[in-house]
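Engineer: Would you be able to build a 3D model of this:
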Amino acid sequence: MGPQHWKKIWVGSAGNMVEWFDWFVYASFATYFAGAFFPSGNPTAQLMNTAGIFAVGFFMRPVGGWLLGRIGDRKGRKAALTLTVTLMSASAVLIAVAPTYAVAGYGGALVLLVARLLQGLSVGGEYAASATYLTEASDPKRRGFASSFQYVSMTAGQIVGLGLQIVLQRTMSDDALHSYGWRIPFVVGALGAAVIFYLRRNMLETEVYAEDTSHSEERGTLRALWQHKREAFLVVALTMGGTVAYYTYTTYLTKYLSNSAGLSKQTATLVSFTALIVFACLQPLAGALSDRIGRRPLLITFAVGSTVLTVPIMTLLKHADGYWPALGLALLALVVVTGYTSINACVKAELFPTGVRALGVALPYAVANALFGGTAEYVALWFKKGGIESGFFWYVAACAAVSLVVYVTMRETKDLDLARVKAAQDSGESSLTPAS
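Structural biologist: Numbers count the residues shown, from 1 in each chain. Prediction:
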């Protein structure tokens, strides 16, 4: 790929990293601020309250997917990406200054809720805008490799968040972290978003979007999306298993290791931090592999592995007695998940024509995440509180099994011409028809 391709990938990825730093930092620091916004009592109940607000953010994602997907298709990928980072910056500021329960009662929780709604609105559009941008901006023969940087940047955002958490854990007392230290990452996120806002205002639009003039009056409309309802359903179904597995082994892993396995918060954080660094490095390798052998083999490998291995991995993790056993199991899980994360962005973008691509990826993906990704942590804690924590393991495996059926029956997408996707669909080629 040439310098212009790399520049577009860099700008799109850097903004995505800050977006997901702000999004994930809520989850990774929840163990410290859970008691700040709710009455003292059962720690698991406090975590469930904060996890519930975390899940509410996901239910705004379909709204953000529709609104920002529409903007991305009608005004351009650049316009949507600039707006998403603006919203995320505002939400980070709100969380940083939110009053505690001792100061304002449930008023602080209300501010937290509003901030999460803004984050949900932002991320609902960010995923699709960045997925579409990275896919369209890349060399057609290296779309898998280029789009894999979406999850590299997403994971990098979480790595930075966890790294900051490790630094704060080693430089501040536990009482200080619970009192005010948890606000620091949200201040950092707001400042980072301001920098990315400047970069995105000067980014280049993709050639695929700039050169497309077909059906301009219906760009980004629900009417246009309805013409591709089969592909929209496919996005929901293929996302289901992947998003549950991803959030289980990333945002929930630290809490699971400390709250269920009994590891210290510091050890649990270090396990997640190390595993995510390896995970991020795997994404481009798997993306490049998909450019050679296709997307379906990787998706099928993920689904089979997640269906078969989730229960034993989660069971063994619960009994992990130190850093190395927990790290080994976490890495095994994330290697399996890589089959989905490395290529899901380009697979979804490859299903839709240019005029409805951002909305086509955004809305159904956001719906799937609201139903399955955003609720994963809450469902896990619900099973734990009910005394049947292993039920969550089977739930994750079942979601992967459903997606497996979709992966087996869908067509291959790696060789599709993004500028001619509509023509291929009009000729009768179904996205659910296996590749010949």
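
Engineer: Tabulate the CA atom coordinates of the helix or strand containing residue 363 in CSV.
Structural biologist: Per DSSP states H and E: residue 363 is located in helix 357-368. Provided in CSV are the C-alpha atoms of helix 357-368 (Å, rounded to 0.1, in the frame of the first residue of the first chain):
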residue,chain,number,x,y,z
ARG,A,357,-22.5,1.1,3.4
ALA,A,358,-22.0,3.2,6.6
LEU,A,359,-25.6,2.8,7.7
GLY,A,360,-25.7,-0.8,6.6
VAL,A,361,-22.8,-1.6,8.9
ALA,A,362,-23.8,0.7,11.7
LEU,A,363,-27.4,0.0,12.5
PRO,A,364,-27.6,-3.8,12.4
TYR,A,365,-24.2,-4.1,14.1
ALA,A,366,-25.3,-1.7,16.8
VAL,A,367,-28.5,-3.7,17.3
ALA,A,368,-26.5,-6.9,17.7
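
Engineer: for the next helix or strand after that helix, packing partners?
Structural biologist: Remark: after helix 357-368, the chain's next helix or strand is helix 376-385, criterion DSSP H and E. Packing contacts for helix 376-385, counted by 3 or more CB pairs under 8 Å, 6 or more residues apart in numbering; DSSP states H and E, involve helix 43-59, helix 229-249, helix 253-259, helix 390-409. Bear in mind the C-beta positions are built from the backbone N, C-alpha and C, glycine included.

Engineer: So which of the ones you listed is nearest residue 186?
Structural biologist: Residue 186 sits nearest to helix 43-59 of all the helices and strands packed on helix 376-385, at 13.9 Å, using CB to CB.

Engineer: any idea of the mean pLDDT in that closest one?
Structural biologist: Taken as a whole, helix 43-59 has an average pLDDT of 69.

Engineer: And stretch 17-30, by the same measure?
Structural biologist: Per-residue pLDDT over stretch 17-30 has a mean of 80.

Engineer: How far does that stretch sit from its chain's centre?
Structural biologist: 11 Å (CA atoms, centre = their mean, to the nearest Å).

Engineer: Hmm, residue 392 is touching residue 378, no?
Structural biologist: No - the criterion here is CB atoms under 8 Å, and residue 392 misses it with residue 378 at 10.3 Å.

Engineer: what about the two, which has more around it?
Structural biologist: residue 392 (24 against 20; other CB atoms under 10 Å).

Engineer: Provide a list of residues in contact with that one.
Structural biologist: Taking CB atoms under 8 Å, 6 or more residues apart in numbering as the criterion, residue 392 is in contact with 314, 379, 380, 383, 384.

Engineer: Chain neighbours aside, what residue packs nearest to residue 349?
Structural biologist: Using CB to CB, 6 or more residues apart in numbering and skipping the chain neighbours, the partner closest in space to residue 349 is residue 135 (3.9 Å).

Engineer: What strand or helix carries that neighbour?
Structural biologist: With secondary structure defined by DSSP H and E, residue 135 is part of helix 107-137.

Engineer: what about that helix, average pLDDT?
Structural biologist: The pLDDT scores in helix 107-137 average 86.

Engineer: Report the backbone C-alpha coordinates of the helix or strand just after that helix in CSV.
Structural biologist: Using DSSP H and E, the helix or strand that follows helix 107-137 in sequence is helix 143-147. Extracted C-alpha coordinates of helix 143-147, given in CSV (Å, rounded to 0.1, in the frame of the first residue of the first chain):
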residue,chain,number,x,y,z
ARG,A,143,-8.7,-5.0,2.7
GLY,A,144,-8.5,-7.7,5.4
PHE,A,145,-5.1,-6.5,6.5
ALA,A,146,-6.0,-2.8,6.5
SER,A,147,-9.4,-3.1,8.2
